[in-house]
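Chemist: Pasted the sequence and its predicted model underneath.
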Amino acid sequence: MTETARTYAIVLYELGIPEEMVREAVKLLKENPELPEVLNSPVVPLKSKHAVIEKVFRELMVRFLKKACDAGCIGQTEEIAKARDAYARMAAGVMDAELHYVTMPGAAQITGMKQFLCRKYNKKDVNIRLVNQPDLVGGFVLKAGDTEYDYSLKGQLVRLGRAVVR
């Protein structure tokens, strides 16, 4: 994700534009590929691009999309919307994490991991995305923020190998 997308995501969130309206705009751009093509075109004058935006999108999105168009990042609208969603979750005290596993953990294990992450990062809730990763051999890897908790057999073997080489 680009820094521009992150910046525009924060602006989009702070403007208070409803999530439904953002999704609707992304859907329109996605379902009509000629639309972002025109809005990204260096040949089309800004005044014409603004007129298209005013006719196609709902009023709260118009001003934001005009700025994105002027900055040349209208092609990143989907990425901006995803970053906006992540920022909204973060603002609500919800953290995103990934759990890579070999054997699907039970509900109690997942609840325990969520509680651990809530305490560790002072969050209200955690969204854990489950990823089946058989090459871990056994155990799991929990990724939260910039931290990775590796309790996999593969990770243990790698650490053991490094210790032996020293």
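Modeler: Arrived safely, thanks for sending.
Chemist: Can you report how many residues neighbour the closest residue to Ile10 other than its chain neighbours?
Modeler: Leaving aside its sequence neighbours, Ile10 sits nearest to Tyr87 (CB to CB, 6 or more residues apart in numbering; 5.8 Å). Using the backbone N, CA and C atoms, a C-beta is placed for each residue, glycine as well. Counted with other CB atoms under 10 Å, residues neighbouring Tyr87 total 17.
Chemist: repeat for Glu3
Modeler: Residues lying near Glu3 (other CB under 10 Å) number 7.
Chemist: got a pLDDT number for it?
Modeler: With respect to pLDDT, Glu3 scores 91.
Chemist: what about it, distance to Asp146?
Modeler: 16 Å (CB to CB, to the nearest Å).
Chemist: hmm, back to that, so what pLDDT did the residue nearest to Ile10 get?
Modeler: Per-residue pLDDT puts Tyr87 at 93.
Chemist: Mind checking what secondary structure it has?
Modeler: Per DSSP: H, G, I helix; E, B strand; the rest coil, the secondary structure class of Tyr87 is helix.
Chemist: What is the neighbour count of the residue lying closest to Thr2 once chain neighbours are set aside?
Modeler: If the residues on either side of it in the chain are set aside, Thr2 comes closest to Gln76, at 6.7 Å by CB to CB, 6+ apart. Neighbour count of Gln76, defined by other CB under 10 Å: 20.
Chemist: List the contacts of Gln76.
Modeler: By CB atoms under 8 Å, 6 or more residues apart in numbering, the residues touching Gln76 are Thr2, Thr4, Ala5, Tyr8, Ala68.
Chemist: Mind picking the two most distant members of these?
Modeler: For the contacts of Gln76, the maximum inter-member distance is 12.5 Å, found between Thr2 and Ala68 (CB to CB).
Chemist: Looking at the two, which is more packed in?
Modeler: Ala68 (22 against 12).
Chemist: Apart from its neighbours in sequence, what residue is nearest that one?
Modeler: Ile74 is the one closest to Ala68 (CB to CB, 6+ apart), at 4.9 Å.
Chemist: Okay, the one you found and Gly16: tell me how far apart.
Modeler: When Ile74 is compared with Gly16 (using CB to CB), they lie 21 Å apart.
Chemist: When the two are compared, which one has more neighbours?
Modeler: Looking at Ile74 and Gly16 with other CB under 10 Å, you find the greater number of neighbours at Ile74, namely 21 against 7.
Chemist: Let's see the pLDDT reported for Gly145.
Modeler: At Gly145, pLDDT is 87.
Chemist: Quick check: it touching Met95?
Modeler: Yes. Judged on CB atoms under 8 Å, Gly145 makes contact with Met95 at a distance of 7.3 Å.
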